[in-house]
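Q: Got a sequence here, can you model it:
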Amino acid sequence: SHAITNGGNSNLQPDFCWIKNRGTATAARVFDSVRGATKVLYTSETDAEGTNAQSLKSFDSDGFTMGTHATLNASSNNIVSWNWKGGTALNNSAGANGGSIATTGSISSTSGFGIVKYVGTGSNATIYHGLGKIPRMIITKNIDQTFHWSVYTFNSNTKILRLNGTNAEATETAFQSTDPTTTIQSLGNHNQNNGSGDTHISYMFCDVPGYQKIGSYTGNGNANGTFIYLGFKPAFIIIKKTNAAEDWELFDNKRLGYNVDNNNVVPNTTSAEATSDRLDIVSNGFKFRTAAGSVNASGDSFIYMACASNPFTTSTGVPATAR
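A: Alright, predicted model coming up:
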């Protein structure tokens, strides 16, 4: 077993861990404290939830413990994990707070992140998320069935993306053509996020000034590429073209951590970490250094989600000041 300790100036007990072996062609795995340790999903696959006793064995007060898993803890292999904290229990009965379906989970209104678990109905419904903010990206998996991952983004409530695919946005009935509110998300009759009698898990992300931002941009097809203003220096960035088929691309400031060599991971494939030069991470956002079609094709539309390395606001949203 291997206990992984998160860095930083305070302990972080994660509730959501997204883990990838950087050097081998294997799927990235996700774990969360709501479903429980050892319960695994694969970002590049349609598989239902699996159980592996030697995968992520526990969520600890300052990190997590990995078992003897041949992919996630192979001797001398380089592995990356991106971690989020919920921390506040969600337990809402059907019919309460505008949610027609009962929900459980772990949420943080401070960081605008939530894990929400529910059983689908197969017909129009609503779920209470309790974040007090509007989710602008929602990643959902039907954990009982071999269905695609469903991704809602703020730019369209009539279309859906797949985390496990290259597909462009497709028109679907997944969200009742209704955007989420500060309290609920609307569900249609789509099996990916509301299969009748099936259990689903949703990972929800909201805008938090100075800490987390979900947005869109248009590529310019130039190696002196588009600049995306965030208002903070990002530690984590995920990008997807929406109007045409392309891979998802994921970046962070830890694996190499210097410009322009910020290596990308492709979560919709089993590929090892790539070494293509894509972007610079700067003090107030990120700037592309490529015309690559997956992130900066001329005239094409893209969505992104980014988290800050050093948030510029306090936990109550007040801008931080220098001493």
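
Q: isn't F232 right up against F286?
A: No: under the criterion of Cβ atoms under 8 Å, F232 is not in contact with F286, lying 10.5 Å apart. (Glycine included, C-beta is placed from N, CA and C.)

Q: Comparing those two, which residue is more hemmed in?
A: F286 (26 against 23; other Cβ atoms under 10 Å).

Q: contacting residues around the one helix or strand that one maps to?
A: Assigned by DSSP states H and E, F286 belongs to strand 285-288. Strand 285-288 is touched from outside by 219, 225-232, 234, 237, 251, 278-280, 295-296, 306, with contacts defined as Cβ atoms under 8 Å, 6 or more residues apart in numbering.

Q: got the phi/psi numbers for N193?
A: Backbone torsions of N193, given as degrees, to the nearest 10, read phi -130, psi 0.

Q: who touches stretch 166-175?
A: Contacts of stretch 166-175 (Cβ under 8 Å, 6+ apart): 150, 152, 156-161, 185-190, 192-194, 241-247, 268.

Q: Only the buried members of those: can you turn that into a ChimeraX selection?
A: Buried residues within the contacts of stretch 166-175, by 16 or more other Cβ atoms under 10 Å, are selected in ChimeraX with:
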select :150,152,156,157,159,160,161,185,186,187,188,189,190,192,193,194,241,242,246,247,268
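
Q: Direction included, what does the strand holding F286 pair against?
A: As defined by DSSP bridges, the strand partners of strand 285-288 come to strand 227-229 (antiparallel), strand 279-282 (antiparallel).

Q: Can you give me the buried ones in the first one?
A: By neighbour count, and taking 16+ other Cβ under 10 Å as the criterion, the buried residues in strand 227-229 are I228.

Q: swap in stretch 30-37?
A: For stretch 30-37, by 16+ other Cβ under 10 Å, it's 30-35, 37.

Q: List just the nearest of those residues to A272.
A: Distance to A272 across these (Cβ to Cβ) is lowest for V30, with 18.1 Å.

Q: and the host helix or strand of that closest one, how far out from the chain's middle?
A: Per DSSP H and E, V30 falls inside strand 29-32. Here the centre of strand 29-32 is set off from its chain's centre by 11 Å, with Cα atoms, centre = their mean, to the nearest Å.

Q: need the next SSE after that strand, C-terminal direction.
A: Past strand 29-32, the next helix or strand by DSSP H and E is strand 39-42.

Q: which parts of stretch 121-131 are buried?
A: So for stretch 121-131, counting by 16+ other Cβ under 10 Å, buried means 121, 125-131.

Q: Let me have the residues you listed in CSV, adding distance to A89 and secondary structure as columns.
A: Below are the buried residues of stretch 121-131 laid out as CSV (distance: Cβ to Cβ, whole Å; DSSP: H, G, I helix; E, B strand; the rest coil):
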residue, distance to A89, secondary structure
T121, 23, coil
A125, 22, strand
T126, 20, strand
I127, 16, strand
Y128, 13, strand
H129, 13, coil
G130, 10, coil
L131, 13, coil
